[in-house]
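Q: here's a sequence, model it:
(chains A and B)
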Amino acid sequence: MKIKKISYEKQRTLFGYVFTAPFIIGTLVFFAYPVIYSMLFALGSFEGNTSVDNMSFVGFANFKALFGKDINFMPDFAKAIANALINTPLIVLISIILVICLNKNIKLKGVFRVIFFLPFVLGNGLIYQTLMYSGSTSDTMVMLNGISVPPQFSDYFGEFLTEIITVLLERFTTVLWKSGLPILLFLSAIQSIPVSVYESAHCDGASEWKSFWFITLPMLTPTILVVIVYTLVDSFNDINNSVMQYYQYLAFKTYQHSYASAMAWTYFLFVILLILAVTAITRKYVFYNTEKRS
Amino acid sequence: MGNFLIGAKNFAIKCKNKNFYLSRILLYFFLLCVSFVYLFPFLKMIINSIMTYTDLNDPAVTWIPHSIYPKNYKIALYYLNIHINGINSLIITLLSTVGHIISCSFIAYGFARFTFKMKNLLFAIVVFSIIIPPQVLILPQYIYYLKLDFLNTYLPIVLPCFFGYGLRGGLFIYIFRQNFLGLPLEIEDAAAVDGYGPLRTWAFIVMPNAKNTALVAFLVSFVWHWNDYYEPSYYLTFQDKLPLPAMLNNVLTAKSDYYTAMLNDTLDRLVTDGVIMAAIFICTIPLLILYFVLQRGFMQGLERSGLVE
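A: Next up, the predicted model:
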């Protein structure tokens, strides 16, 4: 009966905490310990130690070594970031185009939808690794380059053009294989746009092109933001990405855990700033169906 | 969809000219090109999985094998240990997926509809937990679970999922929140007028309206947990506890060539590329089945959205 005496605002604040309580507990129980420990790793050194508990602290020496001595870090870093920044817009663009094509009134819609689901099922984990990189004995590694340039091509058009086309095709294939989840998310988002909006636009004489720009795209913006964040994170955390490969090498091949942690934290700091920047820029354009409640 | 489709059909009849057909042809061409990129490895996998050792090494055979060799599947099943590890995989995946759906939608509703002091900080932690790669936390996590005596149980994988963590749990919170922000406030207000508290509103009003997102999240979480081998391979050391994709590694390491197998007298269990492909195909079958089951649900999902004007 006490609850009734609390004012409406206070009640809503209380329920805010009730709903996020599992997350707060989860953070304290499962997340805080590993994160804090990995930060401590970055500031310490394991040299001469066998146990994690008696680690010696060396301050920012690891970070200094990272920027001062390491010749592998900066190029890998730049490569990973460039790759992510190129791939993300392409993935968003291509998955929107594909979803709009799929949502049209075409024949064999069901078949296409099943096919477009394949990259999502096969495109992650060990299955992807095995399928893409171990190949078969006769044609190793043709899997990823499902479309490759025939060798006769370079005889007619020269080496340079062939190289450009090969690079383009490779990029196209990787982008297509990474757009599994974006396609799924966009498909579900586009399905949830009420048909009545399109009907009234059609009655008012809007063309298909116009209703795409003024209805579909604004309604998709929340999903676009999700997809951008997901794609950026996915390509930054990809196990095959150059920085993560280097991390894997440092931490699990040469056992320089503290140095690897220092590298990882530098990398995150940048990634976090990048994602915050992207969210801040795109937030203005994101359209929500409801007015904000204070 | 009805009226809109009729409208589209009329529109199609009206412009039954060259332009319309040309655009249709281009559309199909584009879709077929993209489908080819997707289908190529999949078809290659199925074809290779029924090839004999001779066919696999014959450069003249690319697509049509001389004979069908189903024994590859028998060998793959033997190495995958499907009656134990398949069931492990199913238990881990189902428990974590259910945990993700319940906890993440619950937490996301708190982020989407309420204002409180720590909200921005907490949401920053959500984003942070998405960004941090699992490789970086694996060692401290391993030490932590070792202290808690959680190793060789499914707890380190399943339990965080019930608290919005686990395999990319933050992403599901993010997706749900984004969806809840887009839901119209009117239905929730109506529920409040009818005397529903926030908890009941979440369970009976918001979740049915977010069915589409919940289905997608279920599918995504299921696929990711099913394919994940990284964390389980650290936390589970006994082979009869491992999930299926970790057993795929077993198949990969068992690969040998014909002569070694002949010397070791294991020719009837020879692991060729065909067997590896068969093993991968077996691992993906449950996901394809799940997709066929769920597809109808979420493709027509929200055609009747909560508000009917």
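Q: average model confidence for the helix or strand that contains A:L276?
A: Using DSSP states H and E, A:L276 sits within helix A:257-283. Helix A:257-283 shows a mean pLDDT of 85.
Q: from the chain's centroid, how far away is that helix?
A: Taking CA atoms, centre = their mean, to the nearest Å, the mean C-alpha location of helix A:257-283 is offset from the chain mean by 13 Å.
Q: same question, stretch A:162-173
A: On CA atoms, centre = their mean, the centre of stretch A:162-173 falls 22 Å from that of its chain.
Q: surely B:D273 and B:N48 touch.
A: Yes. Taking CB atoms under 8 Å as the definition, B:D273 is a contact partner of B:N48 at 6.1 Å. No exception for glycine: its C-beta is placed from N, CA and C like everyone else's.
Q: about what we covered before: the helix holding A:L276 - contacts with which helices or strands?
A: For helix A:257-283, the elements it packs on are helix A:32-43, helix A:61-68, helix A:73-103, helix A:217-237, helix A:242-248, helix B:119-131, helix B:134-148, judged by 3 or more CB pairs under 8 Å, 6 or more residues apart in numbering or on different chains; DSSP states H and E.
Q: of all those, which gets the most neighbours per residue?
A: helix A:217-237 (a mean of 21; mean count of other CB atoms under 10 Å in any protein chain shown).
Q: in CSV, could you pull the C-alpha coordinates for that one?
A: Extracted C-alpha coordinates of helix A:217-237, given in CSV (Å, rounded to 0.1, in the frame of the first residue of the first chain):
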residue,chain,number,x,y,z
LEU,A,217,13.8,5.3,-45.6
PRO,A,218,12.7,7.4,-42.5
MET,A,219,11.0,4.4,-41.0
LEU,A,220,14.2,2.3,-41.5
THR,A,221,16.5,4.9,-39.8
PRO,A,222,16.4,3.3,-36.3
THR,A,223,17.4,-0.1,-37.9
ILE,A,224,20.1,1.7,-40.0
LEU,A,225,21.7,2.9,-36.8
VAL,A,226,21.6,-0.6,-35.3
VAL,A,227,23.1,-2.0,-38.4
ILE,A,228,25.9,0.6,-38.6
VAL,A,229,26.9,0.0,-35.0
TYR,A,230,26.7,-3.8,-35.4
THR,A,231,28.7,-3.8,-38.6
LEU,A,232,31.4,-1.5,-37.2
VAL,A,233,31.7,-3.7,-34.1
ASP,A,234,31.7,-6.9,-36.1
SER,A,235,34.5,-5.8,-38.3
PHE,A,236,36.5,-4.4,-35.4
ASN,A,237,36.1,-7.6,-33.4
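Q: what's the burial count for B:N179?
A: B:N179 has 27 neighbours, counted by other CB atoms under 10 Å in any protein chain shown.
Q: how much space separates it from chain A?
A: 8 Å (CB to the nearest CB, to the nearest Å).
Q: just B:L27 next, same as before
A: 6 Å.
Q: hang on, that residue packs against A:C101?
A: Yes. Here B:L27 reaches A:C101: they are 5.9 Å apart, a contact under CB under 8 Å.
Q: how many residues are close by B:R296?
A: Neighbour count of B:R296, defined by other CB under 10 Å: 10.
Q: please, which helix or strand holds it?
A: Assigned by DSSP H and E, B:R296 belongs to helix B:273-299.
Q: briefly note if that helix comes near chain A.
A: Yes. Using CB under 8 Å from any CB of the partner chain, helix B:273-299 comes into contact with chain A via B:273, B:276-277, B:280, B:283-284, B:287-288, B:291-292, B:295, B:298-299.
Q: quick check: A:V92 vs A:F186, distance?
A: Per CB to CB, to the nearest Å, A:V92 is found 9 Å from A:F186.
Q: for chain B, which residues score under the pLDDT cut-off?
A: Judged by pLDDT under 70, chain B has its weakly predicted residues at B:1-18, B:297-309.
Q: what residue spans form the domains of it?
A: B:2-69, B:81-253 (automatic domain parsing).
Q: any idea which of these gets closest to A:T282?
A: domain B:81-253 (12.2 Å; CB to CB).
Q: would you mind writing the CA trace of stretch B:265-280 as PDB?
A: Provided in PDB are the C-alpha atoms of stretch B:265-280 (Å, rounded to 0.1, in the frame of the first residue of the first chain):
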ATOM      1  CA  ASP B 265      44.800 -49.300 -41.000                       C
ATOM      2  CA  THR B 266      42.100 -46.700 -40.600                       C
ATOM      3  CA  LEU B 267      40.900 -46.700 -44.200                       C
ATOM      4  CA  ASP B 268      37.300 -47.200 -43.200                       C
ATOM      5  CA  ARG B 269      37.400 -44.000 -41.100                       C
ATOM      6  CA  LEU B 270      39.500 -41.900 -43.600                       C
ATOM      7  CA  VAL B 271      38.700 -38.200 -43.200                       C
ATOM      8  CA  THR B 272      38.800 -36.500 -46.500                       C
ATOM      9  CA  ASP B 273      37.600 -33.100 -47.500                       C
ATOM     10  CA  GLY B 274      34.300 -34.800 -48.400                       C
ATOM     11  CA  VAL B 275      33.900 -35.900 -44.700                       C
ATOM     12  CA  ILE B 276      34.700 -32.300 -43.500                       C
ATOM     13  CA  MET B 277      32.100 -30.900 -45.800                       C
ATOM     14  CA  ALA B 278      29.600 -33.500 -44.700                       C
ATOM     15  CA  ALA B 279      30.300 -32.600 -41.000                       C
ATOM     16  CA  ILE B 280      29.700 -28.900 -41.800                       C
END
